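> Could you look at this predicted model? Sequence included:
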Amino acid sequence: MNKRQEHRNNRRAADDAAIAEAAEILRQGGLVAFPTETVYGLGADATDDRAVAAIFAAKGRPQFNPLIVHVPHIEAAAREVVADARARRIAARFWPGALSLVLPRRSESRVSLLCSAGLPSLAVRAPRHPVAQALLKAAGRPIAAPSANPSGAVSPTDAAHVVQGLGEAAGMILDGGPCPLGLESSILDLTGADPVLLRPGGVTREDLEAEIGPISLAGRHAAITAPGMMESHYAPRLPLRLNARAARPGEALLAFGPPPEGEAATENLSPSGDLLEAAAKLFAALHRLDRPGFTGIAVMAIPETGLGAAINDRLRRAAAPR
Ligand code: AMP
Ligand code: MG
């Protein structure tokens with residue numbers, strides 16, 4: 001990699017000055033790729049809907065799967081999720097580290113609903129890597145970060161992988177060298193009475209069981225990424241009618257772009273037809289419209305390009321017969 005390319009790709013050695021700049025980029029709603037002990041993450045301010053939507057756009061994800069929200073410590077996590085005694089015990093033993101915990105979202109959490117992809121839960125992790133820790137503390141807010149690779153590609157364990165995969169999509173790529181673990185975090189679901197390991201990773205099941213007793217493995221249909229599960233977790237109670245041109249009597253109109261002549265949008269995902277804005281508003285808009293005052297939700301057509309694919313995927317699931 002020559003100097004010019006390095007500059008163009010915003011790759012910077014992760015020294016104090018670069019970390020401070022990266023934190024500022026995050027606070028302004030930009031994206032920063034950063035090293036953790038597991039893999040490189042593509043981070044955004046988790047409380048900024050638009051910044052989180054930009055992650056999906058940068059990765060070219062065809063679906064809104066939930067994102068792990070990174071925090072410096074359990075106290076920061078407990079502001080966003082309900083951390084009961086069991087969760088605190090596990091965090092005390094394994095955090096900071098390669099373990100993500102899925103816990104119930106707090107109703108007052110300001111984390112974007114996109115991070116939960118419509119689920120009532122949120123995955124949180126305190127990474128151990130000193131660069132990640134420094135960045136989280138400097139940013140002063142929870143950071144949503146999936147692995148910093150294009151959708152479907154292998155997770156990046158080196159800054160060079162991030163440059164190859166995402167190049168200019170990140171405002172800065174903090175180069176902290178190769179990831180010490182190079183393996184994703186384990187994901188432990190603590191939302192139910194029985195803990196479930198959703199993804200094996202850096203912390204072993206045996207070590208987890210030594211702390212809290214038996215843990216079951218997620219079965220095929222328990223995998224959150226399985227479409228069926230996502231569907232059963234979140235769909236508005238009201239029926240959705242897709243590709244609507246206008247609302248019928250009693251229906252709310254969820255518009256995209258200017259509403260048709262003589263129609264008033266109940267909610268507009270983006271008056272200017274901006275897909276990033278629409279993705280950022282999608283879950284909140286559906287939540288607001290899903291109330292008994294309406295008989296259904298008429299959704300205007302959304303183009304299938306870019307983030308539109310993920311938006312339409314989510315809308316089709318929500319509209320599927322139950
Ligand atoms: P990555 O995007 O590579 O960091 O992977 C994140 C993983 O965490 C995905 O497999 C997600 O499905 C999973 N995940 C994130 N949030 C949740 C959640 N609230 N419930 C269950 N799984 C989650
Ligand atoms: Mg990934």
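On my side now, so go ahead. Computed from a predicted structure; not experimentally measured. Ligands and ions are numbered 1, 2, ... in the order given.

> Just give me the neighbour total for Gly273.
Counted with other C-beta atoms under 10 Å, the neighbours of Gly273 add up to 14. For glycine as for every other residue, the C-beta is placed from the backbone atoms N, C-alpha and C.

> Go ahead and confirm it touches Phe256.
Yes - when contacts are counted by C-beta atoms under 8 Å, Gly273 is listed as touching Phe256 (6.5 Å).

> Mind jotting down where the helices sit in the stretch 51-200 of the chain?
With helices called from DSSP state H, counting those that start in this stretch, the stretch 51-200 of the chain shows them at 74-77, 85-94, 113-116, 130-139, 159-166.

> what does the stretch 101-250 of the chain put close to ligand 1?
Within the stretch 101-250 of the chain, the residues that sit near ligand 1 (C-beta under 6 Å from any ligand atom) are 102, 116, 119, 121-123, 146-147, 187, 198-199, 224-225.

> Highest neighbour count among these?
Most surrounded of these: other C-beta under 10 Å gives Leu122, at 28 neighbours.

> Next one: the most centrally placed residue in the chain from Phe256, what distance?
Using C-alpha atoms, centre = their mean, the residue of the chain that lies closest to the mean C-alpha position is Leu67, 2.7 Å off. To Phe256, Leu67 is 23 Å away according to C-beta to C-beta, to the nearest Å.

> How about Asp194?
Applying C-beta to C-beta, the value for Asp194 to Phe256 is 41 Å.

> So between these two, which is more surrounded?
Summary of the neighbour comparison: Asp194 and Phe256, criterion other C-beta under 10 Å, with Phe256 having more neighbours (25 against 10).

> residues in contact with the more buried one?
Phe256 makes contact with Asn268, Leu269, Ser270, Gly273, Ala278, Val299, Met300, Ala301, Ile302, according to C-beta atoms under 8 Å, 6 or more residues apart in numbering.

> So among those residues, which ones count as buried?
Buried members of the contacts of Phe256, scored by 16 or more other C-beta atoms under 10 Å, are Asn268, Leu269, Ser270, Ala278, Val299, Met300, Ile302.

> from those residues, which is closest to Leu240?
Of all these, the one with the least separation from Leu240 (C-beta to C-beta) is Val299, at 5.9 Å.

> if you skip the residues just before and after it, what's nearest to the closest one?
Using C-beta to C-beta, 6 or more residues apart in numbering and skipping residues adjacent in sequence, the residue nearest Val299 is Leu254, 4.6 Å away.

> The one you found belongs to a helix?
No - per DSSP: H, G, I helix; E, B strand; the rest coil, Leu254 lies outside any helix segment and is strand.

> What count of nearby residues applies to it?
Leu254 is surrounded by 28 other residues when neighbours are defined as other C-beta under 10 Å.
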